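[1] From the sequence below, what's the structure:
(chains A, B and C)
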Amino acid sequence: MRTFRMGGVHPADKKISKDAAIERLPLPKTVYISMGQHLGAPAEPCVAVGDKVKVGQLIANPTGFVSAPVHSSVSGTVKSIEMVKDLAGKPGKAVVIDVEGDEWMEDIDRSQDIVREIKLEKKEIVDRIKACGVVGLGGATFPTNVKLSPPPTATPTCVIINGAECEPYLTSDYRVMMEMPEQVLIGGTILMKALGVDKCYIGIEENKPEAIKKLKALAPQYKGVEIVTLKKKYPQGGEKQLIDAVIGKKVPSMGLPVDTGAVVQNVGTAFAVYEAVQKNKPLFEGIMTVTGDCLEHQRNFLHRVGTPLSFIMEYSGGVPEKASKLISGGPMMGKAIVNVDAPTLKGTSSILYLTEAQTKRKAESNCIRCGKCVSACPMGLEPYLLNKLGRASRFDELEEHHVYDCIECGCCSFTCPAFIPLLDTIRQSKAAVMKIMKSRPKK
Amino acid sequence: MNTTIIFTIATLAILGLLLAIVLYIVAQKFKVEEDPRIDTVESLLPGANCGGCGKAGCRAFAEAAVKEGLGSIHCPVGGNPVMQKIAEALGQTIEAKDPQVAVVRCSGSCDKRKKTTVYDGLATCATIASLYGGDTDCRFGCLGRGDCEAVCKFDAIKINPKTGLPEVDEEKCTACGACTKACPKQIIELRNKGPKGRRVYVACRNQDKGAVARKACLAACIGCGKCAKTCPFEAITVENFLAYIDYTKCRMCRKCVVECPTGAIHEVNFPPRPAAVKPAAPAAPAAAKPVAEPQEKKVEIPVEKKD
Amino acid sequence: MNTLIVSPSPHVHGKDNTRRLMGDVIIALLPAVLVSIWFFGLSAIHLVCVSVLACVVFEYLIQKFLLKGKSTVGDLSAVVTGVLLALNLPVCSPWWLIVIGALVAIGIAKMTFGGLGQNLFNPALVARVVLLVSFPVLMTGTAFHAPETGYLFGNGDFASAALDATSGATPLGFVKEQLAKGVAMEEIMANPGLSYTQLLFANMGGSAGEFSAVVLILGFIYLLCRRVIKPWISLSILLTVFVFAGALYLGDSSKYLDPVFHVLNGGLLLGAFFMATDYVTSPMTTKGQVIFGIGIGVITVLIRTFGAYPEGVSFAILIMNSTVPLLNKFQPKRFAKEAQKK
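    Have a look, this model is predicted:
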């Protein structure tokens, strides 16, 4: 069984919501569609207050190469274009739409039939993906069409579909593989065609045997697609780790993943690509998990982008009494929710409830130099040292010790027996060092 | 026996001599010609190497002073007396600069600004600021983790555990500006010390609309603009629902302090006012509540108009 | 709804904490302690109790009155030092010797540097070496005889018989003594007290912890299973000693001890499993750890074979401890280097 070669930790699995089928979430009264739902420059609204919009209608244009358009997720009237606070309480531009009925754009194929034949040509596929606003749904929300247009220096050789879902609790990718296996496989085939490669690996961790079985049974119908079972280890879903695990190549430091020939896309993204290319449906829906040990009913939802988190929380039974920390994303890399009224984004993958006992950090004690952080680091860094250097703001030495390689997976903080918040300091130092490096004149 | 002693002394003496010659040759060969005035200037500087002048340290300042002149650089720590001495040493003349001091522009102490979340990560302001607005509803206010205290080389700024806000020791503060750069919320500003150390300033950075700001913090500037209307010298501007007093224009009449409904405008080092003028006015901390409550309704109206 | 907790990721923590790791080390040392008690009865209990108690009390007092910090007794590191110190002392050590040892270990070797995690040298070993130099008679040779009162319980008879067999000295000391007298190696090894079975299960001479190789190996396996330590340091020490001593033995078997004897003897196992692997005083990276282990192995054999002392493990570990800051300069292997520009 394959896995990445360095470091990693084994947090408890906790896939308690894995058997909950995907439910369609009802429409809220108002949606708040953020313009900054992707990595890169925020989109610019192209509708005015009072305009009537339909489901799937373009409401904002991209403003740069690394940017993506935004589509309406509901039908109704544009109420306002204003600053709306995101889940961290930071204001950002958003289009607010009052929901009226559920009228879709006519050119979207809403049938349940699976369209297997790929009619579009290479260039058309990339353009369609771009027009539909598809972004990476594995966490970084990087515009997919950019990934499909590699720089001329790199030659892609294969597509890797990320079904590792190595974060504890999250099950949205798993549900996609269970309920839409064929669509994922077709999505993979489309991605192969878009890149002009003939190999597609789907990497799935061993703790999802049903999904592996299901996809393995269907895979032979799709030429070039191979299902790869991976050992369960965090952070297997990290792009660099996944490429190492699946094809055994390492992304060079400061390099692009495609330098190894592999283009990685998430399972959810593959599904979104299928819908965009085969069904002409823009990305305005997402699959998310609502879970937590203190939550009575574990759920997986299909949500419309822009739905307030508080609406979803209420619909799924309210915030559990014991919950003290709300997280969007997984417990290792997710973001703590500060503002429960924040809207969902394209990349929102979960609401996770943690109790104080599960999440409250213990008081920091002396470093005992056990070296556990060094062996846990998947990038071969020395977190204990970076922490020390970071606290002393010794940026030149931090750079010598490759702090910029850090992928912020949190393995070091997770494993530290002295409860030192290693990643907190390293993240700060990394940002400072990257800033210094960027300000340097290029040779 | 004797020969041993003689040999020892002789060997050591010759060895010492040889090494001295080597050292001399090396010192001559690698001698760096430096302007002796750099040393002179450096000896006049405070030697704190704080970087407040924008140079890497006192030596770098001295080099710049000798090479480029004193036109564009100033040692905030040594202040005018030191700068005058350096100017004399270099045979230049310079204008005296007004002495400055760091001013904390937030009055959201624990009793005025409720904590709305529990922050549980690394206790530095920079970490919190990179994560979210802060553990109160005011996303412009002081985070209270003391990044300013940590960078201060003069022990002049300290977080008061009671208010959760930093306090500047005017005697110790040299206006080097390290804290203004360390604060991720740009709360600390260097302002002129003013005559007899008297200053009037807006102790708030909140740029939210009045109602939002008010809800987050009782001492917030709500941008009502009363101070700007009152000011006879046009020293006060209101932008983004936040008043700012230009210290070059302010003439210390203190009318705005009396007018401010939330006590966001602070006055320091003034003698106590005669009791007849207005009972609630002197200095902000104690006065905020009794002033704020009855006037609240009056305040909201101008804000609504602005929307 | 509760007031929300907010922090940067990660939001969960693994099971490891300092107390649990130290607890595991104590559990791993328990078999050795129990075997000691089985043979020596009350004397062994007395030794362990005094040592642990003294270490904990010293740590508490120093932390409270000198360093003026929060009590660190709860992390159990003082208990580990106490047990290790006990296993490094002769069973019949007088109480004051143990207390001096504890003071040196905790007071000088650990707290002077700033407490847990800050010390350069292994506290228990510093104490052992200080005592060895200061009280050579009590620490070696005759002290291994039964106290005049006799063992209060435990299998004293068995112990005395074995002790007589090795003339009261440690096996290594005995061998060295005999070699110095000019006795041939084969003759020496014919001594029944030096058989391998004896060494594996109950090697009488030496400190409390050098007692039985089997129980030490058991403890080591426990630590590995619980992932408390990695095997590299221990294995590289044992392998180096075996190879180096083996080479000497092949060269001249009448003058040099055979390698198996070296490995099983003189606290090498205790040192390799429990002392050299001390987190604080060992390197962080695998590469550093292997070099550290090889260094200890070579120095041990050198001291044992050519030095004045019959034992070399303690000195070897302390010497290598001092190289740890340097060995930590070895950076671990990076995930990948920067791409080479074409």
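[2] Look through the stretch 101-250 of chain A and state the residue closest to chain C.
    A:Lys250 (3.9 Å; CB to the nearest CB). Placement of C-beta: from N, CA and C, glycine included.
[3] residues near that residue, how many?
    20 (other CB atoms under 10 Å in any protein chain shown).
[4] so what's it up against?
    Going by CB atoms under 8 Å, 6 or more residues apart in numbering or on different chains, A:Lys250 touches A:Lys240, A:Ile243, A:Asp244, A:Thr260, C:Phe335, C:Ala336.
[5] tell me the pLDDT at it?
    Here, the pLDDT recorded for A:Lys250 equals 93.
[6] cool, C:Leu326 as well?
    C:Leu326 carries a pLDDT value of 93.
[7] which secondary structure element contains it?
    Taking DSSP states H and E as the criterion, C:Leu326 maps to helix C:324-327.
[8] Name the next helix or strand downstream of the lowest-mean-pLDDT helix or strand in chain C, please.
    Lowest on mean pLDDT, DSSP states H and E among the helices and strands of chain C sits helix C:156-165, with a mean of 47. Going down the chain from helix C:156-165, the next helix or strand is helix C:171-181, by DSSP H and E.
[9] Just the CA trace of that next one, in CSV.
    Output in CSV follows, covering the C-alpha atoms of helix C:171-181 (Å, rounded to 0.1, in the frame of the first residue of the first chain):
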residue,chain,number,x,y,z
PRO,C,171,32.2,-8.9,36.2
LEU,C,172,34.1,-6.4,34.1
GLY,C,173,36.1,-5.2,37.1
PHE,C,174,36.9,-8.8,38.0
VAL,C,175,38.0,-9.6,34.5
LYS,C,176,40.2,-6.5,34.3
GLU,C,177,41.7,-7.3,37.7
GLN,C,178,42.5,-10.9,36.7
LEU,C,179,44.0,-9.8,33.3
ALA,C,180,46.2,-7.4,35.2
LYS,C,181,47.4,-10.3,37.3
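[10] helices or strands up against that helix?
    Packing partners of helix C:171-181 (3 or more CB pairs under 8 Å, 6 or more residues apart in numbering or on different chains; DSSP states H and E): helix C:185-189.
[11] Now with 10 Å, please.
    Helices and strands touching helix C:171-181, by 3 or more CB pairs under 10 Å, 6 or more residues apart in numbering or on different chains; DSSP states H and E, are helix C:185-189, helix C:259-264, helix C:286-306.
[12] and the second one, what other elements does it pack with?
    In this structure, helix C:259-264 packs against helix C:171-181, helix C:196-201, helix C:213-225, helix C:232-251, helix C:286-306, with contacts taken as 3+ CB pairs under 10 Å, 6+ apart.
[13] quick one: whichever helix or strand comes after the last one near chain A?
    This means helix C:286-306. Downstream of helix C:286-306, the next assigned helix or strand under DSSP H and E is helix C:313-321. No - counting by CB under 10 Å from any CB of the partner chain, chain A has no neighbours in helix C:313-321; the shortest distance is 11.9 Å.
[14] gap between helix C:313-321 and the chain center?
    Chain-centre distance of helix C:313-321: 10 Å, with CA atoms, centre = their mean, to the nearest Å.
[15] what's the answer for stretch A:324-338, then?
    Chain-centre distance of stretch A:324-338: 13 Å, with CA atoms, centre = their mean.
[16] next one: stretch B:167-177
    The answer for stretch B:167-177 is 6 Å, by CA atoms, centre = their mean.
[17] got it, and stretch A:15-27?
    From the chain centre to the centre of stretch A:15-27 is a distance of 18 Å (CA atoms, centre = their mean).
[18] That stretch near chain C at all?
    No - applying CB under 10 Å from any CB, one finds stretch A:15-27 separated from chain C by no less than 14.3 Å.
[19] With stretch B:120-132 instead?
    Yes - contact of stretch B:120-132 with chain C (CB under 10 Å from any CB) involves B:Asp120, B:Gly121, B:Leu122, B:Thr127, B:Ile128, B:Ser130, B:Leu131, B:Tyr132.
[20] buried ones in that stretch?
    Residues B:Asp120, B:Gly121, B:Leu122, B:Ala123, B:Thr124, B:Cys125, B:Ala126, B:Thr127, B:Ile128, B:Ala129, B:Leu131, B:Tyr132 are the ones in stretch B:120-132 that count as buried (16 or more other CB atoms under 10 Å in any protein chain shown).
[21] got a list of what the closest residue to the second one other than its chain neighbours touches?
    I take that to be B:Gly121. Leaving aside its chain neighbours, B:Gly121 sits nearest to C:Ser7 (3.9 Å; criterion: CB to CB, 6 or more residues apart in numbering or on different chains). Under the criterion of CB atoms under 10 Å, 6 or more residues apart in numbering or on different chains, the contact list for C:Ser7 reads A:325, A:327, A:336, A:359-361, A:421, A:424, B:117-122, B:127-128, B:131.
[22] And C:Ser7, its phi and psi?
    Torsion angles at C:Ser7 (phi, psi; degrees, to the nearest 10) stand at phi -160, psi 160.
[23] and the gap between it and B:Arg105?
    Plainly put, C:Ser7 is 27 Å away from B:Arg105 if you go by CB to CB, to the nearest Å.
[24] just A:Met434 next, same as before
    30 Å.
[25] swap in A:Lys216?
    Note on A:Lys216: its distance to B:Arg105, by CB to CB, is 63 Å.
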